[in-house]
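K.L.:
Give me a 3D structure for the following:
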Amino acid sequence: QVRVVESGGGLVQAGGSLRLSCAASGRTFVSSAMGWFRQAPGKAREFVASVRWSGYATVYADSVQGRFAIFGDNAKNTVYLQMNSLKPEDTAIYFCATRQMFGVADYSSNAAYDYWGRGTQVTVSS
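P.N.:
Sure thing, here's the model as predicted:
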């Protein structure tokens, strides 16, 4: 069984920064990619950023491009999300997800991921 745990959420003023952390663990588990998604109250879950370990390829949603950065350690199945210049509209529960299967996939899609964390709350005050 694979366990995914996020941490690092909190309350921050607009313009501030936060770093989220995520670790996936499980006996013999190896991830091919990890991603961050978020869900604001009353809205659907949306893609934020992903990293495919092969080639260290990253993808970002337009809404966070240039403000957020995803990075991590493949060997440790750990990924981080550095969030800068935060805006009130970034307020959401942030979820980490990990993909086990190798191969081509749409890493911005929920369906690409096999295991999910329970989320961590990020609140940005104006």
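
K.L.:
my guess is Glu46 contacts Val64, does it?
P.N.:
No: Glu46 lies out of contact with Val64 (CB atoms under 8 Å); the separation is 10.1 Å. Every C-beta, even on glycine, is put in place using the N, C-alpha and C of the backbone.

K.L.:
more crowded one of the two?
P.N.:
In this view Glu46 and Val64 are compared by other CB atoms under 10 Å, and Val64 has more residues nearby, 22 against 14.

K.L.:
Need phi/psi at the nearest residue to the more buried one once chain neighbours are set aside.
P.N.:
Using CB to CB, 6 or more residues apart in numbering and skipping the chain neighbours, the partner closest in space to Val64 is Val48 (5.8 Å). In terms of degrees, to the nearest 10, the main-chain angles of Val48 are phi -120, psi -60.

K.L.:
Was I right to think Val48 contacts Ile93?
P.N.:
No: between Val48 and Ile93 there is no contact under CB under 8 Å: 11.4 Å.

K.L.:
Now do the shared contacts for those two.
P.N.:
Both Val48 and Ile93 are in contact with Arg38, where contact means CB atoms under 8 Å, 6 or more residues apart in numbering.
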